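Colleague: Sequence plus predicted model, see below.
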Amino acid sequence: MNERSQVLADALTALDVPGRDGRVRAVVENVTPNVDGGRFAVKRIVGDVVIVEADCFADGHDALAVQLLWRRDADPIWQAEPMVPVGNDRWRGAFTPAAQGRYRYTVKAWVDRFLSWRHDFGRRVDESDVRLAARVGAQLAALAAGRASGEPAARLADWAARLNTASQAEPDLATLQQLALDEELARLTMQFADDRFAFLFPADLPLEVDRERARFSAWYEFFPRSAAKEAGRHGTFADCEAMLPYVSEMGFDVVYLPPIHPIGRVNRKGKNNSLVTVEGDVGSPWAIGAEEGGHKAVHAPLGTLGDFKNLVARTRELGMEMALDIAYQCAPDHPYVSLHPQWFRWLPDGTVQYAENPPKKYQDIYPFDFESDDWQELWRELAGVIEFWIGHGVKIFRVDNPHTKAFPFWEWAISSLKARHPEVLFLAEAFTRPKVMHRLAKLGFSQSYTYFTWRNTKQELTEYFTELAHGPGRDYFRPNVWPNTPDILPEYLQFGGRPAFMSRLVLAATLSASYGIYGPSFEHMDASPRDPGSEEYLHSEKYEMKVHDLDRPDSLSAFISRVNRIRRENAALQTNDSLRFLQIDNEQLIAYAKLTSALDDIVICIVNLDPHNVQSGWLTLDPASFGLAPDTPYKVHELLMNAHYLWQGERNYVSLDPQRVPAHILLLRRNVRREDGFDYFM
């Protein structure tokens, strides 16, 4: 070997061939849906068709085979579904999870010699090429037979033999082509494909599958201590039971109770959040814990744990569920403070740092210190609180201010609890910055509070709900919208009167598949703030007991009942992904539609945002997008007033008087009877 040849040989020897298999030619990219590249779970509901897409391609012109792989976390066996091309190297597949729990999915692709051969064989016309190609096909069929067993292996081996024989003698060319392109045998071959050089997308993408209540729910919040019918008497769980039929008749399916635990006496707040208390002040239920117990005890005036279990059972009998408030904070006299002082932050003067959001101060509440050296035991105890109430029949939890607790805790606690109890749901009450709200949803919260309370104009509502329904958070952020809460009496409700309460209810109940109200304050249209410019209620129930007359003639309960019945009867209103806003030529009117994929349920909502004046305008819609012929008349059934209208074409006139009903909920009926539909038409 001369010197030049030796240098070349040494250079070739020095080349570092990669350890990965260079025969893997396929590429899989951009798999959707995914949340942050698979760091967090996509959310779906049992029975949903989970549609997965990916960019899949390879060098050259060989045919590609692509599979969607999926499994439950508890099942080690992957299920495989074929994916089909939808254009521009984009592939689509789907699977349907049949049970709650955590799933995984990914995409696998490979250059498939059999599919490539079959594609090219069908295009060959020269007889010698066809016969030679048939022999190649026989080899591929024989290899597939070697990967199979039993009856499939025998069928493939027989096909290979017949194809090989036919390629070298009779029959005629047409018969040979028919044998080679047999559809049934091709499908059998693909069951035993040669995927040795497959590319597997490197991430197993997580999927959290919840029950239907996670997507569609109507919540009703009330204070148990105000459930008594006599002034001055503390309500009990038995009084709550007596109130349940009222809530059920309004059509709610989740009954949410603020904290039911012992209320602290040290630094107890008085009426209207006063620092000064008088005899008889009952304090805030969120100041949890006293000498009698803490987060695993019930406030004695309400009853016993047995009474609470009876309440939960009765709620279930009426077709509803009980949701309980989880507030991870303590009153100064909570047993945790003396038993576990290391869980709190102590100041140099020897006192515990109470909660504050300057200038607001919450002297009756001690927050936990999530940077405590004893954080692991703290985590276990806090998760144990939820486990305790699960054991008492509660499957839904509204979590107070989760954004003030450590993110890693929520990720661990929710995943651990749902692994044992996949039916449990969590609602995040977090009126905070958008990225923080979205992080909590990613960490596992089933539903999330929203900014709906402060979105009032047509532009604000349109932009915000378009984001919720179609923005990047649609795969993990499930909104639950509230027109009011015990903490928030919005300005719009303070000055808009009855029409404002009605319009905000319709907006909440139809823009979002999940919504809630704080009652009976909402249906009784309580609108008095503590101070001008404040969103705090005057004589807030957070600090005192009240007596509510549930039979008030001016109550909105009947209207609420009708809206909730409309929601239950129309599948289009039970999801958010079909929401589309419609053009209407009046800024005080907002119009939008929701519809099922089969177009068998189409609901159009129009709401007057002006609570004081009649507003009218022309609604524009595209008939074809609703399955209508351009010039064919169609009926709309107005569900709130049970009226019927005949519409036609793209533009139709509407007028809404807020002093009557400030909204339309219209069911679009596509078929209008004509003379040729009459039995005797000839």
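Modeller: Thanks, I have the structure now. Numbers count the residues shown, from 1 in each chain.

Colleague: Just the strands from the stretch 551-682 of the chain, written as ranges.
Modeller: 580-584, 589-595, 602-608, 615-620, 634-638, 643-647, 651-656, 663-669 (DSSP state E, counting those that start in this stretch).

Colleague: My error: substitute the stretch 151-300 of the chain in the last question.
Modeller: Going by DSSP E, counting those that start in this stretch, the stretch 151-300 of the chain shows strands at 199-200, 205-210, 217-221, 254-257.

Colleague: on that earlier part again, okay, the strands of the stretch 551-682 of the chain in a markdown table with mean neighbour count, mean pLDDT and distance to residue 368 next?
Modeller: (Each C-beta comes from the backbone N, C-alpha and C, glycine too.) Shown next, in a markdown table, are the strands of the stretch 551-682 of the chain (neighbours: other Cβ atoms under 10 Å; pLDDT from 0 to 100; distance: least, Cβ to Cβ, whole Å):
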| stretch | mean neighbour count | mean pLDDT | distance to residue 368 |
| --- | --- | --- | --- |
| strand 580-584 | 17 | 98 | 43 |
| strand 589-595 | 23 | 98 | 41 |
| strand 602-608 | 25 | 98 | 42 |
| strand 615-620 | 17 | 98 | 50 |
| strand 634-638 | 17 | 95 | 52 |
| strand 643-647 | 14 | 94 | 55 |
| strand 651-656 | 17 | 96 | 49 |
| strand 663-669 | 22 | 95 | 44 |
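
Colleague: any chance of those strands in a markdown table, plus distance to residue 490?
Modeller: Output for the strands of the stretch 551-682 of the chain, formatted as a markdown table (distance: least, Cβ to Cβ, whole Å):
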| stretch | distance to residue 490 |
| --- | --- |
| strand 580-584 | 22 |
| strand 589-595 | 17 |
| strand 602-608 | 16 |
| strand 615-620 | 20 |
| strand 634-638 | 27 |
| strand 643-647 | 30 |
| strand 651-656 | 21 |
| strand 663-669 | 18 |
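
Colleague: Between those, which one is closest to residue 184.
Modeller: strand 589-595 (39.4 Å; Cβ to Cβ).

Colleague: Give me the residues contacting the closest one.
Modeller: 458, 461-462, 465, 507, 510-511, 572-573, 575, 578-584, 601-609, 615-617, 619, 621, 626, 654, 656 (Cβ atoms under 8 Å, 6 or more residues apart in numbering).

Colleague: quick one: strands adjacent to it?
Modeller: Sheet pairing of strand 589-595 (DSSP bridges) gives strand 580-584 (antiparallel), strand 602-608 (antiparallel).

Colleague: contacting residues around the most centrally placed residue in the chain?
Modeller: Computing the C-alpha centroid of the chain and ranking residues by Cα atoms, centre = their mean puts residue 478 first, at 3.8 Å. Listed by Cβ under 8 Å, 6+ apart, the contact set of residue 478 reads 43, 214-215, 441, 446-448, 513-514, 576.

Colleague: quick check, nearest of those to residue 496?
Modeller: Distances from residue 496 to the contacts of residue 478, taken by Cβ to Cβ, are shortest for residue 514, at 23.6 Å.

Colleague: Could you identify the most distant pair in the contacts of residue 478?
Modeller: It's 441 and 513 that sit farthest apart of the contacts of residue 478, by Cβ to Cβ, at 15.1 Å.

Colleague: which one of these two has more residues nearby?
Modeller: residue 513 (27 against 22; other Cβ atoms under 10 Å).

Colleague: can you pull the pLDDT of residue 672?
Modeller: For residue 672, the pLDDT comes out at 55.

Colleague: What is the neighbour count of the closest residue to residue 208 other than its chain neighbours?
Modeller: Ranked by Cβ to Cβ, 6 or more residues apart in numbering and with sequence neighbours excluded, the top spatial neighbour of residue 208 is residue 41, at 4.1 Å. Using other Cβ under 10 Å, the number of residues around residue 41 comes to 22.

Colleague: What of the one 4 residues further on?
Modeller: For residue 45, the number of neighbouring residues by other Cβ under 10 Å comes to 17.

Colleague: Tell me the bridge partners for it.
Modeller: residue 210.

Colleague: now the stretch 101-250 of the chain, which segments are flagged as low pLDDT?
Modeller: 169-171 (pLDDT under 70).

Colleague: do the same with the chain
Modeller: 1-19, 169-171, 671-682.

Colleague: what's the next secondary structure element after the longest strand seen in the chain?
Modeller: Criterion DSSP state E: the longest strand present in the chain is strand 101-111. Sequence order places helix 113-121 as the next helix or strand after strand 101-111, per DSSP states H and E.

Colleague: And the helices in the stretch 451-600 of the chain?
Modeller: Assigned by DSSP state H, counting those that start in this stretch, the helices in the stretch 451-600 of the chain fall at 458-470, 491-511, 557-569.
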